[in-house]
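**Q** got a sequence here, can you build the structure:
(2 chains, ligands or ions: 2)
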Amino acid sequence: MRINCPNCGERDRREFYVKGAALARPAADATLEAWHDHVNLRDNPAGELHELWYHEMGCGAWIDVCRNVVSHAVLSTALASAADLGGAR
Amino acid sequence: MRFSGWRVLKEGLTGNKGWAPHWRNPEPKPEYDVVIIGGGGHGLATAYYLAKEHGITNIAVLEKGYLGGGNVGRNTTIVRANYYLPGNSEFYSHSLKLWEGLEQDLNYNAMMSQRGVMMIYHNDGQRDAMVRRGNAIINQGDDAELLDVEGVRKRAPFLNFDNNRFPIMGGLLHRRGGTARHDAVAWGFARGADMRGVDLIQNCEVTGIDIDNGKVRGVQTTRGVIRAKKVALAAAGRSGQVAALAGLRLPIESHVLQAFVSEGLKPVLNHVIAFAENHLYISQSDKGGLVFGSYLDFYSSYAARGNLPMVEHTMESCLAMVPALGKARLLRSWGGIMDMTPDGSPIIDQSGIEGLYLNCGWCYGGFKAIPGSGDAYAHLIATDRPHGAATKFKLDRFRSGHGLMDEEGSGAQHNLH
Ligand SMILES: Cc1cc2nc3c(=O)[nH]c(=O)nc-3n(C[C@H](O)[C@H](O)[C@H](O)COP(=O)(O)OP(=O)(O)OC[C@H]3O[C@@H](n4cnc5c(N)ncnc54)[C@H](O)[C@@H]3O)c2cc1C
Ligand SMILES: [Zn+2]
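**A** Ligands and ions are numbered 1, 2, ... in the order given. Just a heads-up that it's a prediction; the model follows:
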């Protein structure tokens, strides 16, 4: 598997650390249910999934990677800082 | 048809013409008391214990492929009860006791082999953790022995004791652990359930779960509608998808775990050996192939194959620990899809929808759980109360934070298990 880092270009999977599904973060004062949903529950689709990957051995950017989890094909990548996952501040 | 030495002898002398199929191949009936989704180890064992322990026999097990075609037939076959945390510890202890009587109970040869599981440690911290684990296992009533380096050398002289990075300091031996023939476990439970009247229905995928006023009514399948008073999930790596049919979201991500088998060799390994550093486990099958595996690939996957980086990692670890295997050829590798929960431990519980039950989240360790899980799940389905050995496997622990079972001590978070 190779991942296209928006800063560094296409790199081997081994350069990255994976965090899992890329989810919009609830506001700090959101309900317990909203946080439970965010931290624990997952859609877990057998198809396309947005995930957060960290370019640990490269530029250090967090990347929003869209991947088909059946074929392992990487479909798109974008800097996570531009993906609006941060929640209300 | 019962197996016995006499029967094997008679069939051998008469051309093996008297063996019959081990289970029927029935058409689905319109309605059952219990429908179990998934004909893997857990689903089949649940059907068996429901019939045997609770007298419920109007049951169908619905399997989208063929019996034993899922993870029950793709794992590295290790059976053990050397768990540490309360909750898991008593459950796996219960399961191992059932394994020890399983072949007699099923009248089926599952090739259960208690060859001992040896967990190797490489530094002081790991030794201290092994001592703690060993004490917990003994307190639980199971067996554990701490070995020093000579104790390990006596049992496995071919290991790389003086590896520069991972020198071997000793091991924790669990003599009652070992391996079993995974397909035979599925077949034995399938035959046992069928003999008690359970309908095993293959090539039957569940495509919908009918719920009416918060109560389950039955399922939609590729072979038509089947009504049921109770519906029980046992879909292993597909639990997230099957639960979604009932509108549920589970604390589960599906990940891939790979396994490897070498060409057949003369007997070289007596035990199952697990290395704490680098995480590698290896055993030798009765056919002679070395069976081994290591970490998950660590990202979501529904592919029954992995990726090369983990293949490379596993081979590197294998050669670092057992250099003598460098010339053995690898015959094949494969992957299986597993339900990963945030704390690495399973769920056997009610779902919140009346009559719908959950058995999922077995992560990397659900093969050894099969008899215990079948017994505990059958108890839950029949009585609506948790079985004594599985009281901690609650769905709500993730929401409340109470009773999380973080076996690896790595934190209760999805990407860590
Ligand atoms: C490589 C690998 C190594 C492992 N090694 C070990 C080990 O050494 N020791 C250990 O204890 N555990 C091990 N495990 C874990 C263990 O194999 C699993 O936890 C366990 O087998 C899962 O339960 P099961 O047997 O019921 O699953 P499965 O056999 O996968 O059963 C689930 C069944 O559900 C069916 N299904 C899914 N969706 C539907 C649907 N919609 N309708 C109908 N049917 C459906 C599937 O086809 C499948 O047959 C390993 C796993 C893997 C992948
Ligand atoms: Zn980069």
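
**Q** skip the chain neighbours and tell me the closest residue to the residue in the stretch 51-200 of chain B positioned nearest to chain A.
**A** Nearest residue of the stretch 51-200 of chain B to chain A: B:Lys64, at 13.0 Å (CB to the nearest CB). No exception for glycine: its C-beta is placed from N, CA and C like everyone else's. Taking CB to CB, 6 or more residues apart in numbering or on different chains, and ignoring the residues beside it in sequence, B:Lys64 has B:Glu205 as its nearest neighbour in space, at 3.6 Å.

**Q** do you know how far the one you found is from B:Ala228?
**A** Computed with CB to CB, to the nearest Å, the distance linking B:Glu205 and B:Ala228 is 16 Å.

**Q** of these two, which one has the most company?
**A** It is B:Ala228, of B:Glu205 and B:Ala228, that has more neighbours when counted by other CB atoms under 10 Å in any protein chain shown, with 24 against 16.

**Q** residues in contact with the more buried one?
**A** Under the criterion of CB atoms under 8 Å, 6 or more residues apart in numbering or on different chains, the neighbours of B:Ala228 are B:31-35, B:60, B:216-219, B:355.

**Q** go on, A:Glu48?
**A** Contact partners of A:Glu48, counting by CB under 8 Å, 6+ apart, are A:66-69, A:75.

**Q** I'd like these laid out as a markdown table, including distance to ligand 2 and secondary structure.
**A** Output for those, formatted as a markdown table (distance: CB to the ion, whole Å; DSSP: H, G, I helix; E, B strand; the rest coil):
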| residue | distance to ligand 2 | secondary structure |
| --- | --- | --- |
| A:Cys66 | 17 | strand |
| A:Arg67 | 17 | strand |
| A:Asn68 | 22 | strand |
| A:Val69 | 22 | coil |
| A:Leu75 | 18 | strand |
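
**Q** of the residues you listed, buried ones?
**A** Those of the contacts of A:Glu48 that meet the buried threshold are A:67-69, by 16 or more other CB atoms under 10 Å in any protein chain shown.

**Q** is there a neighbour count for B:Thr383? I'd like the number.
**A** Using other CB under 10 Å, B:Thr383 has 10 neighbouring residues.

**Q** please report how far the residue nearest to B:Lys64 lies from B:Gly224.
**A** Remark: distance between B:Glu205 and B:Gly224 (CB to CB) = 12 Å.

**Q** hang on, B:Ala324 packs against B:Leu265?
**A** No - using CB atoms under 8 Å as the test, B:Ala324 is too far from B:Leu265 to be in contact (10.2 Å).

**Q** pull the contacting residues for residue 43.
**A** Here I'm looking at chain A. Contacts here follow CB under 8 Å, 6+ apart; on that basis A:Asp43 touches A:21, B:240, B:244, B:249.

**Q** switch to chain B, please.
**A** B:36-37, B:61, B:63, B:232, B:234-235.

**Q** at 10 Å what do you get?
**A** The neighbourhood of B:Gly43, defined by CB atoms under 10 Å, 6 or more residues apart in numbering or on different chains, consists of B:36-37, B:61-63, B:67, B:70, B:72, B:186, B:189-190, B:193, B:200, B:232-236, B:359, B:370, B:373-374, B:377.

**Q** likewise for B:Leu172?
**A** B:Leu172 makes contact with B:82, B:117-121, B:126-127, B:129-131, B:133-134, B:137, B:144-147, B:152, B:274, B:276, according to CB under 10 Å, 6+ apart.

**Q** all set, thanks.
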